[in-house]
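In: Just a sequence and a predicted model for now, questions to come.
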Amino acid sequence: TQYSFKEVFGTLVVQKELFDVVAKPLVEDLIRGKNGLLFTYGVTGSGKTHTMTGSPGDGGLLPRCLDMIFNSIGPFQAKRFVFKLDDKNGVDVQCEVDALLERQKRDAMPVPKTPSGKRQIDPEFADMINVQDHCKVEEVDEDNVYSVFVSYIEIYNNYIYDLLEETPFEPIKPKWNNCNTPVRNGDFIPPQSKILREDQNHNMYVTGCTEVEVKSTEEAFEVFWRGQKKRRIANTQLNRESSRSHGVFIIKLAQAPLDADGDNVLQEKEQITLSQLSLVDLAGSERTNRTKAEGNRLREAGNINQSLMTLRTCIEVLRENQMYGTNKMVPYRDSKLTHLFKNYFDGEGKVRMIVCVNPKAEDYEESLQVMRFAEMTQEVEVARPVDRPLCGLTPGRRFRNQAFREELSRKLEMRGGPINGETEEQSVSEMFLQNFPPLPSCELLDVNDDQTLPKLIEVLEKRHKLRQMLSEEFAKNVLAFKTMLQEFGSSVVSKENYIQGKLSEKEKTITGQKMELERLEKKIKTLEYKIEILEKTTTIYEDDKRNLQQELESKSQKLQREASDKRRLEARLQGVVAETTMKWEKECERRVAAKQLEMQNKLWVKDEKLKQLKAIVTEPKNEKPERPSRERDREKPVQRSVSPSPVPNAPPVRLRHRRSRSAGERWVDHKPPSNLPTETVMQPHVPHAITVAAASEKALAKCDKYMLTHQELASDGEIETKLIKGDVFKTRGGGQAVQFTEIETLKQESPTGRKRRSSPNPDPPEDAADSEWTDVETRCSVALEMRAGSALGPGYQHHAQPK
């Protein structure tokens with residue numbers, strides 16, 4: 001089986017290579033204000049915890065992430081308690097005084113809550129964080145200050161526990177006995193599970209979780225190691241130190257810009273950016289039949305597998321929603337693990353997953369399941385996080401402020417400091433006052449002293465003249481300064497007028513551009529409206545086109561059905577034409593055969609007449625045969641047509657049945673019950689006929705010919721029988737139809753001058769009988785003859801010719 005991933009690492013890969021490919025981009029995004037999630041996934045014993053934590057001398061992903069963060073923001077870190085996390089997943093910024101008070105309060109506590117960076121590193125994990133790569137992020141914003149907060153939680157049996165929480169012991173009861181075991185279960189308070197909540201930005205966080213501010217890699221990893229010792233592990237058949245819970249180490253980075261002077265943090269909460277990197281060490285999926293788990297281990301395995309199954313279900317639903325455009329609800333709340341990180345799957349940060357695979361043959365099936373799920377997760381797309389807004393202050397203000405301070409201190413050192421500067425200014429003023437002539441002594445010791453006052457007057461006059469000169473010079477300087485001020489004012493006014501003109505021009509230009517923008521916006525709105533109308537029109541036309549295409553398809557299908565029906569009908573008509581042609585060919589052959597038979601019958605009748613005539617001519621007339629009466633003829637219809645043979649050796653006349661022209665076909669012989677028997681010698685005979693008293697569809701369906709026997713009284717008082725014939729056809733509706741084709745008439749006539757006797761057996765006179773059978777005409781008065789009008793079939797009539 002082959003699976004494809006974005007990167008595949010071999011069994012001998014070093015931790016640095018894995019970190020550079022997988023975790024380094026997440027740390028860069030963290031410092032740029034974006035969230036990230038990295039978790040290890042795989043079967044139990046496949047190396048997930050080793051990948052995340054590392055081993056002595058070769059640190060894993062977690063210590064390398066911490067080292068890269070502090071290498072990047074080391075010179076730009078804020079002092080402790082400048083940033084302060086609240087209990088609603090937010091962060092506040094404090095001034096330096098409040099932060100100083102917080103630090104003094106912390107230092108006054110007997111046991112510090114956070115480890116100090118000056119403390120000696122625990123040798124148990126010192127080798128893990130001794131990373132010599134000094135990897136850091138390029139282009140870190142030097143105008144920001146940063147603070148790092150870490151927290152460590154575990155998800156055990158679908159409950160969240162804080163691994164950094166200090167569990168207080170009850171002080172009254174003793175903690176341990178001599179066997180180094182608790183006296184009873186009430187000796188200590190068990191850790192309380194934490195609750196998940198949603199902040200105002202719809203991000204999930206753990207309420208009441210301990211978040212420690214750290215200032216170095218060593219300090220952060222010491223916090224992690226303190227929580228790692230409390231994490232639940234157990235010995236199973238597959239792993240000596242099997243993680244029985246999901247460990248989540250959360251690194252939060254708070255950053256805020258400096259003020260315009262570059263000295264203090266900007267006291268605006270809106271400018272604070274809080275990004276988060278979550279490093280998750282998932283517990284391994286396992287099969288209880290292999291681990292032989294019982295009791296608590298069995299319950300832990302069930303909860304672990306259930307949470308991993310929920311993670312897989314959430315990924316599958318996200319993939320289905322993105323691939324097929326559905327809007328199914330993702331079951332984040334079914335597990336604390338997925339509920340905590342639902343924001344990452346909804347687009348609040350970058351997600352990376354490391355799949356750890358153990359090449360053991362016993363883990364084959366479980367490894368296949370893990371890799372199948374991991375390959376599927378690559379098809380899920382997560383939206384990119386939005387970049388944070390800029391603060392709008394001048395970049396590079398931190399270093400410029402430092403350079404300004406350094407330059408100021410250098411200048412002051414060169415000039416002797418601020419005190420020497422003030423003495424120099426004082427000496428200048430004293431030198432200015434010393435330009436005046438000194439006042440003489442003003443003591444009058446004698447009344448007659450006439451020198452002191454004149455000298456004083458002279459000095460005062462000199463000072464007055466000097467003052468006048470200085471006043472005149474000051475006035476000149478003031479006038480010159482006023483002139484300069486007026487010139488400067490006029491130039492300023494001219495410049496202001498020029499600037500006002502330029503500003504009015506710019507305002508006109510801006511007004512024109514605004515009008516142009518408004519015109520373009522109106523045009524854009526008009527075009528958007530037109531585009532909307534065109535889209536609606538296009539939608540209508542597409543609907544019409546789709547409807548017309550459907551109608552065209554239905555019409556074409558209908559035409560195809562009609563064409564197929566037409567071809568089917570043509571084939572059926574061709575079959576009917578061929579059948580009709582064959583039937584008429586057979587009918588013609590039958591008629592030709594009937595005609596031949598008729599001619600043969602005529603020839604036979606003529607031969608019989610000639611034979612009878614010959615027999616009569618050659619017969620001796622010594623005795624007269626007795627002519628039977630008509631009633632006797634009726635009783636013996638067979639002997640009526642037979643003439644007595646004149647010669648003893650002459651053969652008797654053969655009796656013939658009347659042949660139907662359709663003797664080889666299946667007939668329906670319809671004889672109504674009102675018909676009377678004729679008792680004639682020649683009777684209609686149709687073989688293979690179904691005789692019915694009333695026509696029925698069942699009988700018609702079995703035959704293809706139909707014959708109706710109809711009797712009526714002729715004009716001469718004799719019974720006339722009509723045989724009405726027809727062809728039976730099947731209709732399209734499944735019924736039967738009869739098309740009549742011919743009518744045969746059977747008549748019974750008496751010779752001329754003979755009346756039909758009313759009595760059945762009268763005794764005829766002997767002489768009449770003798771006279772009837774004495775001549776040839778009487779003997780030949782009964783004959784068979786074809787009617788001239790029956791050309792469609794053999795229609796026979798019985799009649800007697802007059803003498």
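Out: Noted; the coordinates are in hand.

In: top helix in the protein by residue count?
Out: For the chain, the helix that runs over the most residues, judged by DSSP state H, is helix 452-618.

In: where does I250 land in three-state SS?
Out: Following DSSP: H, G, I helix; E, B strand; the rest coil, I250 is assigned to strand.

In: So what's the gap between the longest helix of the chain and the chain middle?
Out: Chain-centre distance of helix 452-618: 26 Å, with Cα atoms, centre = their mean, to the nearest Å.

In: Show the average pLDDT along that helix.
Out: In this model, helix 452-618 carries a mean pLDDT of 90.

In: If you count contacts, what does it end up packed against?
Out: Other elements packing on helix 452-618 under the criterion 3 or more Cβ pairs under 8 Å, 6 or more residues apart in numbering; DSSP states H and E are helix 776-779, strand 782-786. Using the backbone N, CA and C atoms, a C-beta is placed for each residue, glycine as well.

In: Could you count how many residues lie near T721?
Out: 19 (other Cβ atoms under 10 Å).

In: can you check the one 4 residues further on too?
Out: Each residue near K725 was counted by other Cβ under 10 Å, and the total is 21.

In: Check which helix or strand it maps to.
Out: K725 belongs to strand 719-730 when assigned by DSSP states H and E.

In: got the angle for that strand vs helix 452-618?
Out: Inter-element angle recorded for strand 719-730 and helix 452-618: 150 degrees (by axes from the mean of the first three to the mean of the last three Cα atoms, to 10 degrees).

In: Name the next helix or strand downstream of strand 719-730, please.
Out: Next in sequence after strand 719-730, counting helices and strands by DSSP H and E, comes strand 736-747.

In: in its sheet, what does that next one sit against?
Out: Strand pairing for strand 736-747, determined by DSSP bridges: strand 719-730 (antiparallel).

In: residues of the strand it pairs with that come out buried?
Out: I719, T721, L723, I724, K725, G726, V728 (16 or more other Cβ atoms under 10 Å).

In: starting at the chain centroid, how far to that strand?
Out: 76 Å.

In: got a list of contacts for it?
Out: 662, 668, 676, 678, 684, 700, 703-714, 736-748, 793 (Cβ atoms under 8 Å, 6 or more residues apart in numbering).

In: Got a quick ChimeraX command for the buried subset of those?
Out: The ChimeraX command for the buried members of those (criterion: 16+ other Cβ under 10 Å) is given here:
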select :662,668,678,684,700,703,704,705,706,707,708,709,710,736,738,744,745,746,747,748,793
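
In: which stretches of this structure have low pLDDT?
Out: 109-133, 167-190, 234-242, 287-295, 383-397, 399, 415-444, 620-664, 750-803 (pLDDT under 70).

In: Give me the phi and psi for A260.
Out: phi -70, psi -30 (degrees, to the nearest 10).

In: burial measure for it, as a count.
Out: Using other Cβ under 10 Å, A260 has 11 other residues around it.

In: now the strands: where do they sit in the stretch 101-250 of the chain?
Out: Secondary structure of the stretch 101-250 of the chain (DSSP state E, counting those that start in this stretch): strands located at 144-156, 159-162, 196-198, 204-206, 212-214, 233-234, 242-243, 246-257.

In: looking at those strands, which is closest to E17?
Out: Nearest of the strands of the stretch 101-250 of the chain to E17, taken as Cβ to Cβ: strand 246-257 at 21.7 Å.

In: which residues sit against the helix or strand following that closest one?
Out: Next helix or strand after strand 246-257 toward the C-terminus (DSSP H and E): strand 273-281. Contacting residues not belonging to strand 273-281 are listed as 26-27, 29-40, 48-49, 52-53, 61-62, 65, 90-91, 243, 246-256, 341, 344, 349, 388 [Cβ under 8 Å, 6+ apart].

In: Just checking: what are the partner strands of strand 273-281?
Out: Strand 273-281 is paired, per DSSP bridges, with strand 36-42 (parallel), strand 246-257 (antiparallel).

In: Now render the ones you listed as JSON lines, adding distance to Y156.
Out: Below are the strands paired with strand 273-281 laid out as JSON lines (distance: least, Cβ to Cβ, whole Å):
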{"stretch": "strand 36-42", "distance to Y156": "16"}
{"stretch": "strand 246-257", "distance to Y156": "8"}
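
In: Can you give me the neighbour number for R398?
Out: Neighbours of R398 (other Cβ under 10 Å): 20.

In: Could you do V248 as well?
Out: If we define neighbours as other Cβ under 10 Å, then V248 has 24 of them.

In: hey, what's it bridged with?
Out: Per DSSP bridges, the residues bridged to V248 are I153, V280.

In: Would you agree it is in contact with V150?
Out: No. In this structure V248 lies outside contact range of V150 using Cβ atoms under 8 Å: 11.3 Å.

In: thinking again about what came up before, can I get the strands of the stretch 101-250 of the chain in CSV with distance to L445?
Out: As requested, the strands of the stretch 101-250 of the chain are exported to CSV (distance: least, Cβ to Cβ, whole Å):
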stretch, distance to L445
strand 144-156, 79
strand 159-162, 100
strand 196-198, 101
strand 204-206, 98
strand 212-214, 85
strand 233-234, 112
strand 242-243, 112
strand 246-257, 79
